[in-house]
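Participant: Fold the following and give me the result.
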Amino acid sequence: MKKYIYIAILLFPLTISSQIINVENLRRVTDTTGWSGFARLDLHLIKNRNKIFGVSNRIRVQYKRKKHLWLFINDLDFREANSRKLVSKNSQHLRYNYKTSDKIALEAFLQSQENKIASIRFRGLVGAGLRFKLSKSEKYKLYFGNLVMYENEKVIELDQRVTNIDWRNSSYFSMSLFPAKHISIASTTYFQPRYDKLSDFRVSSQTTMSFRIIKRLRFATTFTYQYDEFPVLGIPKEQYRLTNGIMYSF
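Facilitator: Predicted coordinates for the structure are as follows:
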């Protein structure tokens with residue numbers, strides 16, 4: 001068993017689960033009408049409250065037609081903590097975009113989330129706002145979004161169940177780079193302060209680099225950093241995640 005753990009350490013570095021779902025890095029930037037998406041499989045070695053080894057699966061499906069775009073994400077992680085199997089994290093995200101011009105789109109989303117490691121029993125989000133395209137080049141794409149977000153969060157704090165209801169701003173800057181034919185780099189940074197208490201904010205940044213192995217199979221490396229000024233008690237303010245995995249696109 002130790003031999004397999006050492007191999008996992010070498011091939012799949014230490015990770016910590018993020019609480020903000022990075023939708024931009026999962027969005028397929030394309031002018032093609034119809035269905036697209038991918039399925040991704042990752043191996044993890046995590047150290048926080050427990051030492052956890054596990055497998056995660058992510059599915060993204062996108063449908064685009066003229067000015068309309070629908071994006072659905074389903075994320076599910078399976079973990080083994082101290083020889084005990086559990087489901088540590090799952091989330092579902094549905095997003096809709098309506099393109100009003102070449103540079104501006106209306107954007108709305110619904111999201112549900114559970115993260116046992118972060119003591120989140122349930123987090124429900126609904127939001128809407130504007131998305132701006134900042135570039136014209138095909139070699140790189142830049143976007144900025146600004147949305148109003150309603151949050152209903154149920155957490156476990158000091159062995160008590162606590163419900164938080166807040167209004168937050170959710171701003172993001174996203175870029176996609178294509179330095180070579182089969183290589184892509186996608187990076188997005190989110191900033192989410194509360195409207196009634198600006199000192200209560202979250203920052204999340206994620207960068208993914210992938211290259212093609214064969215026609216539809218890619219190898220991807222993703223680094224995620226997150227900072228939460230007021231996390232659940234017992235959860236660190238700073239978290240990071242580094243994963244290597246394979247991704248099948250369609």
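
Participant: In this structure, where is pLDDT below threshold?
Facilitator: Within the chain, the stretches with pLDDT under 70 are 1-32, 46, 85-87, 250.

Participant: quick one, helices of it?
Facilitator: 2-11 (DSSP state H).

Participant: From one end of stretch 111-131 to the other, what's the distance?
Facilitator: Across stretch 111-131, the terminal residues are separated by 18 Å (Cα to Cα, to the nearest Å).

Participant: List the buried residues of that stretch.
Facilitator: 111, 113-120, 123, 125, 127, 129, 131 (16 or more other Cβ atoms under 10 Å). Placement of C-beta: from N, CA and C, glycine included.

Participant: so how far is it from its chain's centroid?
Facilitator: Mean-position distance between stretch 111-131 and its chain equals 11 Å (Cα atoms, centre = their mean, to the nearest Å).

Participant: Show the residue spans covered by the strands in this structure.
Facilitator: 14-15, 34-47, 51-65, 68-81, 84-99, 104-115, 120-133, 140-157, 160-180, 183-193, 201-212, 217-228, 238-249 (DSSP state E).

Participant: tally of neighbours for Leu233?
Facilitator: When neighbours are defined as other Cβ atoms under 10 Å, Leu233 has 11 of them.

Participant: contacting residues for it?
Facilitator: Residues touching Leu233, when contacts are defined by Cβ atoms under 8 Å, 6 or more residues apart in numbering, comprise 157-158.

Participant: Apply 10 Å and report the result again.
Facilitator: Contacts for Leu233 (Cβ atoms under 10 Å, 6 or more residues apart in numbering) come out as 119, 155-158, 162.

Participant: Ok, Ser91 next?
Facilitator: Neighbours of Ser91 in contact, by Cβ under 10 Å, 6+ apart: 19, 21, 58, 73-77, 111-115, 123.

Participant: now Ser170
Facilitator: 20, 109, 125, 127, 129, 145-149, 151, 190-193, 202.

Participant: List buried residues within the residues you listed.
Facilitator: Buried members of the contacts of Ser170, counted by 16+ other Cβ under 10 Å: 20, 109, 125, 127, 129, 145, 147, 149, 151, 190-193, 202.

Participant: burial count for the residue nearest to Ala220 when sequence neighbours are not counted?
Facilitator: Nearest residue to Ala220, sequence neighbours excluded (Cβ to Cβ, 6 or more residues apart in numbering): Ser210, at 3.9 Å. By other Cβ under 10 Å, 21 other residues sit near Ser210.
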